[in-house]
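**Student:** take a look and give me a structure for this.
(2 chains)
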Amino acid sequence: MQAQSLVVGARALDRRADALLAKQRLEPTSTRRQGLAQLSTLSTLNALIAAGTPLPVPGTTDSENGLVRRLLERLYADGDLSLAALDESLCNRAAQIDRVTTAGPILIIPLGLEGTARHNWRPVFRLLIDRLDDTEAKCDRVVARTETLSSASVAHRTWQSTVETVRETRDLLRTQLARQERLRRLYTKPADEPAEFAAWTIDQLTDATTEP
Amino acid sequence: MPQTYTNFDAIEQDGQHYIVATPKSEHEEPVRFSGDLEETEGLDATFRDVIKSLIQQDLSDALNLEADTGGTISREEAIRTLANAEESPVTVQSEQQAEAIIDYFIDNGILKEEGSEVVVLSDPESLADIAAEGGDSEEDSAMLLNWMSAIEGCTTKIQETIDTVEEVEDELREQMGQIDVSQKMEEYEHKQKEVAQRIMNLTNGGQLDKSDLSNSEQAEYERLEHRLFHLESMIDSVSSGSDLDQEIQKMTNELSMHVQNLSDTQGSLEVQLERLRKVYQVNEHINYEDAKEMAEHLSSVASAVAGVADAAERKEDGDAISLASSVVEEMGKSESITQDTGPDVESAGQEQGL
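**Tutor:** Model (predicted):
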């Protein structure tokens, strides 16, 4: 899987909400159709999330997450990661890390269970959570506007369902991230040395003063 | 490995105190270090902080712990640790400086040289000797301080570990707290039932096909269909993780146990530290006879703490009255120091009660 599939899905949700909010007047049938399109995109997005979870546990927090996040933001804004559109320093830095690959004129951020690709899930999920938050607010505003439409109860309900589904999807992303984070933390156990030293010390001192 | 620096002079330069270390070999340069280290006795002297940080940092692997010989660090390792310490009680800018400090400590009996190793913690038998015989050498008294430094360093390290674990726990609890999985599960199942019911109503109990419906009804049908399957997948995702959640819960509990064990260990260490401090003070301020009694008294406290107070052995002695009278007698003799022993007895009692 690639980050693109998930990010572009989230982007489509946001753009569709934007398009409706930009309209002077909402028309019931098309609003209803757009609402169903949102639900359909969300269904694809959720299928992709289900395919990728539970998330693989990365070794350590990766310092490259910041760079990957920047690339993901560009991906979300532009819809793709065309090398020509990225500034040179970003391209150069991206070329130096294993987590990003190039396919012809575009950069690809792979998502996988093994190797460096397993580190990419986390920044992708974080981006989705942040962006879905904005999208939910926009969809909520669409819901408010559909209330004023007469004979538009289905349009109203499809957008209500959209808001609900976006919220549930975000909860799911957060649950999966939290699970991953817990596992990662639990695998990174605290050092035993102080306790071992303490045991030794107590042992030594107690023996020395109790034995005749 | 012999000492590199053998001669040490306290000097004053620009209002600052320094110790200048002169090397044995003429080919090496003299080096100076902070005069704060001049004082090599007493509980509050700066050298103790240096020893503390040395032990604390080498606790991980460099410190070599042996049952009968105590704790040693290789000379090279000790120099490297001092030279590279992130936070040091005195400024150490070079390995030469670090080496001069180590040699100064050896010169003053704070550390002992043993081949290429530096003895930081002596065989604890000698501690018993200090207490029992009043500690006739300054060296033993220095080692006693090192033991105290080691325990303090270790306690600090344990506290750091506990803090980290607790911090992580809090963070995770907060993160997971926002998402109550079982509550979500109920919520999704409830919603799914509602959606299913609506589909049934819309299709007249499943008798109508989607194509039988009006445009607006078809849209509603599609909406419900999306919701039905979405909720199904949410339920799947949440429940498929519930084994994982249980496993995580188990591991979290183990981690809490670990913290609990560390806290207990820390408690025992503090008791030991308190004991040593008293032995040290006795050694400093009270005559040998009193010191001996004190040591005997402390031994029994220590054994009580460690849970090795042997009831059977006491029973063998059999005579409770003679034991009681000897205790009373002892109390009388050591009246001058009973006040000091107060807290110790108390803490021993607390430990036993646990």
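
**Student:** quick one, domains of chain B?
**Tutor:** Using automatic domain parsing, the domain ranges for chain B come out as B:5-121, B:150-169+B:247-353, B:179-240.

**Student:** looking at the ones you listed, which has the lowest confidence?
**Tutor:** When those are ranked by mean pLDDT, domain B:150-169+B:247-353 comes last with a mean of 57.

**Student:** what about the strands in chain A?
**Tutor:** Taking DSSP state E as the test, the strands found in chain A are A:101-103, A:106-108.

**Student:** can you check chain B too?
**Tutor:** Using DSSP E, the strands assigned to chain B run over residues B:5-13, B:16-23, B:31-34, B:64-66, B:70-74, B:112-114, B:117-121.

**Student:** do you know which of the ones you listed lies nearest residue B:194?
**Tutor:** Closest approach to residue B:194 among the strands of chain B is made by strand B:64-66 (65.4 Å; Cβ to Cβ). Where C-beta positions appear, they are placed from N, C-alpha and C, glycine not excepted.

**Student:** on that earlier part again, a markdown table please, covering the strands of chain B and showing mean neighbour count and distance to chain A.
**Tutor:** Shown next, in a markdown table, are the strands of chain B (neighbours: other Cβ atoms under 10 Å in any protein chain shown; distance: least, Cβ to the nearest Cβ, whole Å):
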| stretch | mean neighbour count | distance to chain A |
| --- | --- | --- |
| strand B:5-13 | 13 | 29 |
| strand B:16-23 | 18 | 30 |
| strand B:31-34 | 20 | 28 |
| strand B:64-66 | 15 | 5 |
| strand B:70-74 | 23 | 8 |
| strand B:112-114 | 16 | 16 |
| strand B:117-121 | 23 | 8 |
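
**Student:** closest one to residue B:151 among those strands?
**Tutor:** In terms of Cβ to Cβ, the element of the strands of chain B nearest to residue B:151 is strand B:117-121, at 9.9 Å.

**Student:** just list the residues touching the closest residue to residue B:90 other than its chain neighbours, thanks.
**Tutor:** With Cβ to Cβ, 6 or more residues apart in numbering or on different chains as the criterion, residue B:90 has its nearest non-adjacent residue at 4.0 Å, and that residue is residue B:34. Neighbour list for residue B:34: B:17-19, B:46, B:90-91 [criterion: Cβ atoms under 8 Å, 6 or more residues apart in numbering or on different chains].

**Student:** kindly report the same for residue B:97.
**Tutor:** Contact analysis of residue B:97 by Cβ under 8 Å, 6+ apart lists B:31-33, B:83.

**Student:** measure the most centrally placed residue in chain A to residue A:144 for me?
**Tutor:** When Cα atoms, centre = their mean is applied to chain A, the residue found nearest the centroid is residue A:125 (1.4 Å). Taking Cβ to Cβ, to the nearest Å as the measure, residue A:125 falls 29 Å from residue A:144.

**Student:** and for residue B:167, the neighbour number?
**Tutor:** For residue B:167, the count of nearby residues is 10 (other Cβ atoms under 10 Å in any protein chain shown).

**Student:** correction: the previous question concerned residue B:96.
**Tutor:** Residues near residue B:96, counting by other Cβ under 10 Å, number 20.

**Student:** longest helix in chain A, please.
**Tutor:** helix A:153-187 (DSSP state H).

**Student:** now do that helix: which elements does it pack against?
**Tutor:** helix A:28-52, helix A:121-146, helix B:138-177, helix B:181-202, helix B:215-240, helix B:242-285 (3 or more Cβ pairs under 8 Å, 6 or more residues apart in numbering or on different chains; DSSP states H and E).

**Student:** quick one: those helices as TSV, columns for distance to residue A:168 too.
**Tutor:** Formatted as TSV, the helices and strands packed on helix A:153-187 follow (distance: least, Cβ to Cβ, whole Å):
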stretch	distance to residue A:168
helix A:28-52	9
helix A:121-146	10
helix B:138-177	17
helix B:181-202	8
helix B:215-240	6
helix B:242-285	17
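
**Student:** for residue A:71, find the nearest of the ones you listed.
**Tutor:** Closest to residue A:71 of the helices and strands packed on helix A:153-187 is helix A:121-146 (Cβ to Cβ; 8.8 Å).

**Student:** quick one, the closest one and helix A:153-187 angle?
**Tutor:** Here helix A:121-146 runs at an angle of 160 degrees relative to helix A:153-187 (axes from the mean of the first three to the mean of the last three Cα atoms, to 10 degrees).

**Student:** now helix A:121-146 and helix A:28-52, what's the angle there?
**Tutor:** If you take the same axes, to 10 degrees, helix A:121-146 sits at 160 degrees to helix A:28-52.

**Student:** for residue B:108, grab phi and psi.
**Tutor:** The phi and psi values for residue B:108, taken as degrees, to the nearest 10, are phi -100, psi 10.

**Student:** what sits against it?
**Tutor:** B:40, B:142.

**Student:** make it 10 Å
**Tutor:** B:8, B:37-41, B:47, B:138-139, B:142 (Cβ atoms under 10 Å, 6 or more residues apart in numbering or on different chains).

**Student:** one more: residue B:102?
**Tutor:** Contact analysis of residue B:102 by Cβ under 10 Å, 6+ apart lists B:3-5, B:50, B:54, B:73, B:75, B:78-79, B:81-82, B:110-111, B:113, B:118.

**Student:** same check, this time on residue B:5
**Tutor:** Neighbouring residues of residue B:5 by Cβ under 10 Å, 6+ apart: B:19-25, B:28, B:30-31, B:96, B:99-104, B:106-107.

**Student:** show me the beta-bridge partners of it.
**Tutor:** Per DSSP bridges, the residues bridged to residue B:5 are residue B:23.

**Student:** which among the strands of chain A is found nearest to chain B?
**Tutor:** Closest to chain B of the strands of chain A, according to Cβ to the nearest Cβ: strand A:106-108, at 26.2 Å.

**Student:** and that closest one, how far out from the chain middle?
**Tutor:** 18 Å (Cα atoms, centre = their mean, to the nearest Å).

**Student:** burial of residue 162, as a residue count?
**Tutor:** Defaulting to chain A. Based on other Cβ under 10 Å, the number of other residues close to residue A:162 is 29.

**Student:** could you do chain B instead?
**Tutor:** Count around residue B:162 with other Cβ under 10 Å applied: 18.

**Student:** wait, it touches residue B:264, no?
**Tutor:** No - Residue B:162 lies out of contact with residue B:264 (Cβ atoms under 10 Å); the separation is 11.1 Å.

**Student:** if we can go back for a sec, between the contacts of residue B:34, which is closest to residue A:3?
**Tutor:** Among the contacts of residue B:34, residue B:91 lies closest to residue A:3 (Cβ to Cβ), at 48.8 Å.

**Student:** gap between the closest one and chain A?
**Tutor:** Separation of residue B:91 from chain A (Cβ to the nearest Cβ, to the nearest Å): 27 Å.

**Student:** surely residue B:71 meets residue B:149?
**Tutor:** No - at 11.2 Å, residue B:71 and residue B:149 do not qualify as touching, with contact defined as Cβ under 10 Å.

**Student:** overlap of the contact sets of these two?
**Tutor:** With Cβ under 10 Å, 6+ apart, residue B:71 and residue B:149 have common neighbours B:55, B:120-121.
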